[in-house]
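Engineer: here are the coordinates; sequence isn't available:
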């Protein structure tokens, strides 16, 4: 192969690698997530139960198990263990993931906002 051909192949591979689609918003921004959490504070708190259950210790917890909070039967029987994936699906559309939940919030449709909120919760809710 001629030297020019190697150059063109290398240029093509570089273009392919540089311009290949990447997963957008894989990591959330906890600072932005904290701003978004203010919307949740009408019903939720990190450290105490309110209209909704507290969020402290949410990651790894089975849904419907916070002591002292009265959950719907749907949530108690959901068998969900909260992690990034289950929380993202719930935040997108709570009533779709858990039909019969008491949570009346319509959900967060923007994937970046969900990722940001989850990043904040990961930091703020450690037991």
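Structural biologist: Received, thanks. This structure is a prediction, so every number in the text was calculated from the model and none was measured.

Engineer: quick one: low-confidence parts of this structure?
Structural biologist: 1-26 (pLDDT under 70).

Engineer: all the helices of it, in order from the start?
Structural biologist: According to DSSP state H, the chain carries its helices in the segments 3-19, 30-37, 73-76, 84-92, 94-97, 111-124.

Engineer: could you list the buried residues of stretch 42-53?
Structural biologist: By 16 or more other C-beta atoms under 10 Å, the buried positions in stretch 42-53 come out as 44, 46, 52-53. C-beta: built from backbone N, CA, C; applies to glycine.

Engineer: scratch that, stretch 61-81 is what I was asking about
Structural biologist: Buried residues in stretch 61-81, counted by 16+ other C-beta under 10 Å: 61, 63-64, 66, 71, 74-75, 78, 80.

Engineer: in this structure residue 100 contacts residue 71, no?
Structural biologist: No: under the criterion of C-beta atoms under 8 Å, residue 100 makes no contact with residue 71, lying 10.6 Å away.

Engineer: separation between the residue nearest to residue 37 when sequence neighbours are not counted and residue 97?
Structural biologist: Computed as C-beta to C-beta, 6 or more residues apart in numbering, the closest residue to residue 37 that is not its neighbour in sequence is residue 120, at 5.7 Å. From residue 120 across to residue 97, the span is 20 Å (C-beta to C-beta, to the nearest Å).

Engineer: higher neighbour count, those two?
Structural biologist: residue 120 (23 against 20; other C-beta atoms under 10 Å).
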